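> Whatever this is, show me its structure:
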Amino acid sequence: MHTSKVTQKGQIVIPQDLRKKYKLSTNSPVMVTEMDGHIAVIPVVDDPVKDGYGRVRLVASVKDMFSEFHREEQEIENRKLSRLDQLSR
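This next block holds a predicted model:
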């Protein structure tokens, strides 16, 4: 854990090892926000999609997920058609 002091201007120093870890250099944009009663300093990335690439692991392939979604949608449509058929009798 690191500690810093807030200057008269409201500035803090981000420790060097954290600046290196999060690739922060002079004038790097950061977002300062409040989260769950804490102050959070979050690096702003140029391309969030590129930055997030490889961080999410899917449990199934996209093709399998779409196939499952399509199957579920077909079941819903079939139930609707079945109800309409029963009502029309």
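> most residues in a single helix of this protein, which one?
Counting residues, the longest helix in the chain under DSSP state H turns out to be helix 62-88.
> Can you name every helix or strand that that helix contacts?
Helices and strands touching helix 62-88, as assessed by 3 or more C-beta pairs under 8 Å, 6 or more residues apart in numbering; DSSP states H and E, are absent. Any C-beta I mention is one placed from the backbone N, CA and C, and that applies to glycine too.
> count of neighbours near residue 45?
With neighbours defined by other C-beta atoms under 10 Å, the count for residue 45 comes to 13.
> Residue 67 now?
Residue 67 has 12 nearby residues by other C-beta under 10 Å.
> State the distance from residue 60 to residue 52.
19 Å (C-beta to C-beta, to the nearest Å).
> Quick check: phi and psi at the residue nearest to the spatial centre of the chain.
Nearest residue to the geometric centre of the chain (C-alpha atoms, centre = their mean): residue 52, 8.2 Å. For residue 52, the backbone dihedrals (degrees, to the nearest 10) come out as phi -90, psi 0.
> What score does it have for pLDDT?
Here, the pLDDT recorded for residue 52 equals 71.
> Can you tell me how far it is from residue 42?
Taken as C-beta to C-beta, the span from residue 52 to residue 42 is 13 Å.
> Over to residue 32?
Counting by C-beta to C-beta, the gap from residue 32 to residue 42 is 8 Å.
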